[in-house]
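> missing the sequence, but the structure's below:
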């Protein structure tokens with residue numbers, strides 16, 4: 001019976017520190033982020049074949065591709081680069097799916113790459129640890145696929161949990177935040193994700209930001225410094241269980257973030273923030289690289305459902321995610 005491997009890797013919510021995980025920034029200045037893996041996943045299934053044919057199917061994206069071990073040119077680089085890296089000895093059928101589409105601002109691209117690596121790692125018995133999986137995923141994004149992205153997403157999808165991650169030229173340190181269960185669940189209760197309905201390719205915004213970092217743009221570096229410090233401040237607030245001030249901290253960080261590059265926000269995003277403010281939101285920020293995707297809002301027990309109703313009345317999807325989802329996991333399917 002052919003071997004069948006499945007894997008899954010979670011999406012993430014970035015609370016603070018985004019863009020300081022770009023190597024152009026953290027190598028000279030150091031970076032830090034706070035993020036939480038959430039219960040939306042990217043899935044990969046690999047079913048071994050007895051010939052050298054390779055098929056790739058992604059139902060959500062209507063992708064159906066076919067190649068062979070010696071002929072990967074007909075398969076998208078997003079998949080073929082990872083196949084080439086692992087060099088399997090037999091053909092296979094590969095099926096990919098995800099709970100939300102790309103352009104969500106929730107790290108979906110990285111989750112897909114991490115799930116792919118996790119599946120091949122399990123199938124071929126490479127025994128890679130979490131740091132090796134996350135580094136390979138990031139190298140695939142930045143080098144093999146030329147995707148302009150920071151490091152937090154592959155690390156979040158690989159490790160899972162609720163983390164404070166520090167980046168420097170020499171290392172990445174994932175500090176698992178062992179939060180009191182009451183604090184974690186209260187933070188989850190207070191968190192709402194709102195889908196703007198705008199799917200965007202964040203690489204365009206990130207490339208523009210990288211150019212400004214490389215040019216030592218003083219205003220950009222100052223704002224990134226504030227964003228990095230926001231992650232440290234938020235970490236202290238969460239550890240102390242002082243959740244009443246988190247909304248205002250997110251508002252401050254969003255103010256710094258939207259100054260980084262043109263197009264970070266737009267009229268629809270601004271309108272959603274206006275609706276949220278009018279219905280009791282304590283603060284919020286746009287997630288991901290800018291321009292669309294999801295917005296994270298912090299609410300209280302008096303405003304949560306009022307805000308959710310208001311968003312729904314404006315045709316916007318809202319939900320409360322589960323935090324601290326487990327990281328990448330692969331298994332043999334029976």
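Thanks, I have it. Note that the coordinates shown come from a computational prediction; the quantities given were computed from them, not determined experimentally. Residues are numbered from 1 along each chain as shown.

> could you use CA atoms for every contact and neighbour count after this?
Noted.

> mind checking the end-to-end distance for stretch 57-76?
11 Å (Cα to Cα, to the nearest Å).

> ok, now stretch 285-294?
End-to-end distance of stretch 285-294 (Cα to Cα): 9 Å.

> okay, strands next: where are they in the stretch 201-334 of the chain?
Applying DSSP state E, counting those that start in this stretch to the stretch 201-334 of the chain gives strands spanning 283-286, 294-298, 318-319, 329-332.

> so for residue 97, which of these sits nearest?
Of all the strands of the stretch 201-334 of the chain, strand 329-332 sits nearest to residue 97, with 14.6 Å by Cα to Cα.

> low-confidence ranges in the stretch 101-250 of the chain?
The model of the stretch 101-250 of the chain has pLDDT under 70 over residues 200-203.

> what about 90?
101-105, 146-149, 197-207, 240-241, 244-245 (pLDDT under 90).

> same for the strand or helix carrying residue 46, what does it pack against?
Under the criterion of DSSP states H and E, residue 46 resides in strand 31-48. Packing contacts for strand 31-48, counted by 3 or more Cα pairs under 8 Å, 6 or more residues apart in numbering; DSSP states H and E, involve strand 4-16, strand 92-98, helix 108-124, helix 152-159, strand 162-167, helix 218-239.

> what's the helix or strand that it is followed by in contact with?
Proceeding N to C from strand 31-48, the next assigned helix or strand is strand 53-58, under DSSP H and E. The contact list for strand 53-58 (Cα atoms under 8 Å, 6 or more residues apart in numbering) reads 63-69, 75, 90-97.

> in its sheet, what does strand 53-58 sit against?
Partner strands and pairing direction for strand 53-58 (DSSP bridges) are strand 63-68 (antiparallel), strand 92-98 (parallel).

> need these in CSV (columns: distance to residue 186, mean neighbour count and mean pLDDT).
Shown next, in CSV, are these (distance: least, Cα to Cα, whole Å; neighbours: other Cα atoms under 10 Å; pLDDT from 0 to 100):
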stretch, distance to residue 186, mean neighbour count, mean pLDDT
strand 63-68, 40, 15, 95
strand 92-98, 27, 20, 96
